[in-house]
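Q: kindly generate the corresponding structure for this input.
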Amino acid sequence: MKRRNLTSVIKVLDGGFSTQLSTHVNDKIDGDPLWTARFLTTEPKAIFATHLDFLRAGADIIETNTYQATIDGFVKYLNTTKEESLEVIRKAVDYAKDAVNVYGKEIENDESAKNRKPLIAGSCGPYGACLHDGSEYSGSYCDHISREFLIDWHRPRVRALLEEGVDLLAIETIPCVREAEALIDLLKEFPNARAWLSFSCRDDGKSLADGSSFQEIAVRCYKNALPGQIIAIGVNCIAPQFVTALLRDINRDKSDNLIPLIVYPNSGEKYTVTEGWKKEGEVINLHEFIGEWLDLGVRYIGGCCRTYATDIKQIRLKVDQWQTQTCVN
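A: Okay, here's the model as predicted:
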């Protein structure tokens, strides 16, 4: 593939929060209805340490531990009030800020550090994540709830994250058209906010989890947002070998004004509520595809489930090598 003359800086994201968190805690994470969000109340030091791991590995952007942090979930499983639930979400931002501050002091005199000004993205998982039934990978719930319901459901967490001072929002693992469009509408209520929009997709190289055309919906959402509000569109939590087919046509006919893309795949393993994570067939390392994705216009790259800080360190190395070669060429 011919490499375009691209000058924009690539941002390295963090990896699978639950995966790295497992190196700091002994309790069960996968399968818990609150997933990593429970540890916001039980193991805040481990949350901080996990963020710091990713920063030390070279992440330019870390996500708050709020993918599964919802009012519904906290009220049901922690017996909190709505306001107490929102306070837990705000605390998640503070733990990320603490890690950034500590890391900043660590690299104060280290001129080799690439990520000198890390950003914090407020993680916003889909409604399906709080259902604890794997429906963020199917979007089945979108047939039964309205766009207005989804806007109202997402609004409190989005507002709490923004008010607590995240730099941007990570709207991720969105499996269906209705929820994606609802979130674009919601963002317009916060015109100064920036976000990326990342989808949950099938393994067929063309479809959202709900069967809709990924490329059509992703580009439409990007164009329908307020100017500059969506900084990138893309995919997450998908096996690495299925990413290129989803992204390759988005910027095919564009020599300028490329749509910025984002990708943070999982390890290639599959998750089910009943069996947990397991390998199906050959698992291909995501690092093999990094140069290929960057050539397609990917400007934000990291890892999702089952990727560790060590994987982010390797991504950082590959990205730096690619950027050096691009500047030379």
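Q: for residue 199, grab phi and psi.
A: phi -110, psi 160 (degrees, to the nearest 10).
Q: give me the number of residues near it?
A: The tally of other residues near residue 199 (other Cβ atoms under 10 Å) stands at 32. Using the backbone N, CA and C atoms, a C-beta is placed for each residue, glycine as well.
Q: what sits opposite it in the beta ladder?
A: On the basis of DSSP bridges, residue 199 is bridged to residue 174, residue 235.
Q: for it, what are its contacts?
A: Neighbouring residues of residue 199 by Cβ atoms under 8 Å, 6 or more residues apart in numbering: 173-175, 180, 208-209, 214, 217-218, 233-236.
Q: residues contacting residue 229?
A: 187-188, 191, 193-195.
Q: tell me how far it lies from residue 168.
A: Taking Cβ to Cβ, to the nearest Å as the measure, residue 229 falls 10 Å from residue 168.
Q: need the overlap of contacts for these two.
A: Shared contacts of residue 229 and residue 168, counting by Cβ under 8 Å, 6+ apart, come down to 193-195.
Q: I'd like those residues as a markdown table, with neighbour count and distance to residue 131 appended.
A: Shown next, in a markdown table, are these (neighbours: other Cβ atoms under 10 Å; distance: Cβ to Cβ, whole Å):
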| residue | neighbour count | distance to residue 131 |
| --- | --- | --- |
| 193 | 20 | 26 |
| 194 | 19 | 28 |
| 195 | 26 | 23 |
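Q: those residues in strands, which ones?
A: Per DSSP state E, strands hold the following members of those: residue 195.
Q: farthest-apart pair in the contacts of residue 229, please.
A: Across the contacts of residue 229, the longest distance by Cβ to Cβ is 12.7 Å; it joins 188 and 194.
Q: tell me what residue 301 is bridged to.
A: Beta-bridge partners, per DSSP bridges, of residue 301: residue 12, residue 263.
Q: contacting residues for it?
A: Neighbouring residues of residue 301 by Cβ under 8 Å, 6+ apart: 10-13, 262-264, 290, 293-294, 315, 319.
Q: and for residue 260?
A: 8, 231-233, 297, 299-300.
Q: ok, of those residues, which come out buried?
A: Listed as buried from the contacts of residue 260 are 231-233, 297, 299-300; burial here means 16 or more other Cβ atoms under 10 Å.
Q: can I get those in TSV including distance to residue 64 and secondary structure?
A: As requested, the buried ones among the contacts of residue 260 are exported to TSV (distance: Cβ to Cβ, whole Å; DSSP: H, G, I helix; E, B strand; the rest coil):
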residue	distance to residue 64	secondary structure
231	17	strand
232	18	strand
233	20	strand
297	26	coil
299	21	strand
300	16	strand
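Q: between the residues you listed, which is nearest residue 68?
A: The nearest member of the buried ones among the contacts of residue 260 to residue 68, counting by Cβ to Cβ, is residue 300 at 21.5 Å.
Q: and that closest one, what's its pLDDT?
A: Residue 300 is assigned a pLDDT of 98 by the prediction.
Q: nearest spatial neighbour of it, chain-adjacent residues omitted?
A: residue 262 (3.9 Å; Cβ to Cβ, 6 or more residues apart in numbering).
Q: mind listing what the one you found touches?
A: Residue 262 is in contact with 13, 196, 198, 232-236, 298-301, counting by Cβ under 8 Å, 6+ apart.
Q: so how far is residue 231 from it?
A: 8 Å.
Q: can you list contacts of stretch 286-299?
A: Stretch 286-299 has contacts (Cβ under 8 Å, 6+ apart) with 1, 3-4, 6, 8-11, 232, 234, 240-241, 243-244, 247-248, 250-251, 258-263, 265, 267-268, 301, 303, 307, 311, 314-315, 318-319, 322.
Q: and the shared contacts of residue 229 and residue 168 as TSV, adding distance to residue 149 and pLDDT?
A: What follows is the shared contacts of residue 229 and residue 168, written out as TSV (distance: Cβ to Cβ, whole Å; pLDDT from 0 to 100):
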residue	distance to residue 149	pLDDT
193	21	98
194	25	98
195	20	98
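Q: closest one of the shared contacts of residue 229 and residue 168 to residue 18?
A: residue 195 (22.1 Å).
Q: would you confirm that the closest one contacts residue 172?
A: No - using Cβ atoms under 8 Å, residue 195 makes no contact with residue 172, being 9.7 Å away.
Q: list residues touching both of residue 262 and residue 231?
A: Both residue 262 and residue 231 are contacted by 196, 300, under the criterion Cβ under 8 Å, 6+ apart.
Q: any idea how far the nearest residue to residue 251 once chain neighbours are set aside lies from residue 150?
A: Of all residues not flanking residue 251 in the chain, residue 297 sits nearest, at 4.3 Å (Cβ to Cβ, 6+ apart). Look at residue 297 and residue 150: by Cβ to Cβ, they are 29 Å apart.
Q: so where is the stretch 201-329 of the chain shaky, pLDDT-wise?
A: For the stretch 201-329 of the chain, applying pLDDT under 70 flags the ranges 254-255, 271-283, 328-329.
Q: mind listing the helices for it?
A: 214-224, 243-247, 290-295, 309-328 (DSSP state H, counting those that start in this stretch).
Q: can you give me how far the first one is from the chain middle?
A: Going by Cα atoms, centre = their mean, to the nearest Å, the spacing between the C-alpha centre of helix 214-224 and its chain's C-alpha centre is 18 Å.
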